[in-house]
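>>> Test case, fold it:
(2 chains)
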Amino acid sequence: MKKSNAVPVLLFIFIASCQPSYQSLSVQYKDYRITNSEEIDSSYIVFLEPYKDSVNSTMNIILGEAETTLQKKQPEGELGNFLADALLVMSRKKMGKAVDAAFLNYNGIRSSGLAQGNITVGKIFELMPFDNVINMQQLKGDVLQQFLDHTAALGGWPVSGLTMKIKDNRATDVQIQGQPIDHDKYYNIVNSDYITNGGDNCVMLKNIPVESTGYLVRDAFMEYIQQEQQGGKKINAAIENRVTYAE
Amino acid sequence: MLNRRKFLINAAVIAGGALAGAAKPVEDDTVERLTILHTNDVHSRLEPFPMDAGKNAGLGGVAARAGLIHSVREKEKNVLLLDAGDIFQGTPYFNLYKGEPEIKAMTKMGYDAATMGNHDFDGGMENFSTQLRNAGFPIVLCNYDFTGTPLEQKTVPYKIFKKGRLKIGVTGVGIKMEGLVPENLFGKTKYLDPVQHANATAEFLKRKQGCDMVICLSHLGFGYKEPDKMCDEILSKESEHIDLILGGHTHTFMDHPAVFKNRNGNDVIVNQVGWAGIMLGRLDFVFEKKKKKNLADAHTVVIGEKSSE
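Numbers count the residues shown, from 1 in each chain, chains lettered A, B, ... in the order given. From the prediction side, this is the model:
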């Protein structure tokens, strides 16, 4: 008797547990800004200490100085211009080749700006945390045009050695080293290996042979800043209408 | 014998409680609350941004976030702490320690679950797997097939949390790696359709597991210029059983959560809190016990800004 009673009870519980029994009615949202002005948990400071000490010993080294704050912007920003110039200068130096233009993928610059004042190793690591190397490719003008159209559709990428306008997601009025692009001519173009391997959907570059010395993009930035510092120059860059929107 | 006896006693207590409840409501079981705290794209930001001329100076860091999480947990009974991926990469801590302090700090903060972002591949899958040994929380992910990779069986398609009287199912979706993650880093990992797999997982959680709510942690991105590119908006509109999407990847700061209608006309809430741990998102849900009637009605959720405490 007792047994036969227990079965339907358990069955009922089983069925009930398999159906949602509550439904959300309302939600209140709040985004807290983490300002460090309120209660902080100091046990995390202690936890980070051993890591922080060795991070700081290398990352606090000062490489040079930024004269003004350089912003990351599209279609063109001061930070992008400075970094692309550094990439062009250093890749020419390391490869001993006549590089025509150097590019950086906009999303690969991981800081929104480089603040006025001392530039530390740590700041360059934050800006370029990836261990990407510099690759050079000989691109035929028509392939370069496809690549430029792709960067135009993505809102414009930092570049040195080339100017262009963006019209309807395409690159127009392209000038390389001051000359209009020739779709039959070959150009020496520098990108990070991430891009030459087809990253950011740069499929048009993927199967084209690369030349590489294994030189890190980040090292190019750091050595360029040190070089400028040794020459008594502060880091600065301006908007030069390298990449603009066509009216 | 003892168990049966215990069962009978419990049954009597429950029955007694129910009777007492009918006469005098001792405990109201018609309403239940859940507080969700969430982050995304923290990108190794263990310390606050340095005090320089940058616009984020002094913001973020694990010490302040942990303090805030602690104070919320002191006041609220049912709290879930979740992350939508890209835990790794962005400060020299990652270059030097490959994610160890990030995972350890999240474990110390009591994260309940996280999903995987594209940059969590950055140290290689072997490294992510190694770092996960320190994780006190699961990586929920239903649309990557890791068969034959170092991450095989290191992630779970979902996790169910019991919070008070609520049963909450949490799943996760990752972004397409091709053209985004270097091929040598994702190796044999197969990207599977996020809509199809999130829907199947959510249906299982709702229909078979009886979850009251399904949360999808997403690293697909909130939305793109290309209208057909897979994103949280598309996922939400093509979903059936997902109630909430906590997103990432696009580093989107939102003034308020977005609401989209799913295939059945029900509300799906989508939220994302920028990046770098500058923000901690909070969503306080109120649940009502389901009535058998009104099942055909489309489910809507009233959204409001939480007044300051």
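>>> mind listing the strands for the stretch 1-150 of chain B?
Along the stretch 1-150 of chain B, counting by DSSP state E, counting those that start in this stretch, strands occupy B:31-39, B:79-83, B:113-114, B:144-145.
>>> what do you get for chain A?
A:22-33, A:62-66, A:70-71, A:101-103, A:113-114, A:117-120, A:133-140, A:159-160, A:162-167, A:170-176, A:179-180, A:186-192, A:211-216, A:243-245 (DSSP state E).
>>> Show me what the longest one packs onto, helices and strands only.
Where contact means 3 or more Cβ pairs under 8 Å, 6 or more residues apart in numbering or on different chains; DSSP states H and E, strand A:22-33 is packed against strand B:279-289, strand B:302-305. Quick note: C-beta positions are derived from backbone N, CA and C, even for glycine.
>>> Just give me the lowest mean pLDDT stretch among the strands of chain A.
Looking at these, the lowest mean pLDDT belongs to strand A:211-216 (a mean of 90).
>>> Comparing the helices and strands packed on strand A:22-33, which comes out most buried?
Highest mean neighbour count of these: strand B:279-289, a mean of 20 (counted as mean count of other Cβ atoms under 10 Å in any protein chain shown).
>>> where are the low-confidence patches of the stretch 151-300 of chain B?
For the stretch 151-300 of chain B, the stretches with pLDDT under 70 are B:292-297.
>>> Spell out which residues of it are next to chain A.
Contacts of the stretch 151-300 of chain B with chain A, taken as Cβ under 8 Å from any Cβ of the partner chain, map to B:165-167, B:179-180, B:182-183, B:206-213, B:243, B:254, B:256-257, B:269, B:271, B:273, B:277-290, B:299.
>>> looking at it, B:Thr30 is touching B:Phe287, isn't it?
No. Here B:Thr30 lies out of contact with B:Phe287, judged by Cβ atoms under 8 Å, at a distance of 9.4 Å.
>>> before we move on, back to that, kindly reformat the strands of chain A as JSON lines containing mean neighbour count.
Converted to JSON lines, the strands of chain A look like this (neighbours: other Cβ atoms under 10 Å in any protein chain shown):
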{"stretch": "strand A:22-33", "mean neighbour count": "18"}
{"stretch": "strand A:62-66", "mean neighbour count": "19"}
{"stretch": "strand A:70-71", "mean neighbour count": "20"}
{"stretch": "strand A:101-103", "mean neighbour count": "26"}
{"stretch": "strand A:113-114", "mean neighbour count": "25"}
{"stretch": "strand A:117-120", "mean neighbour count": "19"}
{"stretch": "strand A:133-140", "mean neighbour count": "21"}
{"stretch": "strand A:159-160", "mean neighbour count": "24"}
{"stretch": "strand A:162-167", "mean neighbour count": "20"}
{"stretch": "strand A:170-176", "mean neighbour count": "18"}
{"stretch": "strand A:179-180", "mean neighbour count": "10"}
{"stretch": "strand A:186-192", "mean neighbour count": "24"}
{"stretch": "strand A:211-216", "mean neighbour count": "14"}
{"stretch": "strand A:243-245", "mean neighbour count": "18"}
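>>> Go ahead and flag the most central residue of chain A.
Centroid check for chain A by Cα atoms, centre = their mean gives A:Gly108 as the closest residue, at 1.5 Å.
>>> In contact with that one, which residues are there?
A:Met128, A:Phe130, A:Asn132, A:Ser192, A:Tyr194, A:Ile195, A:Asp200 (Cβ atoms under 8 Å, 6 or more residues apart in numbering or on different chains).
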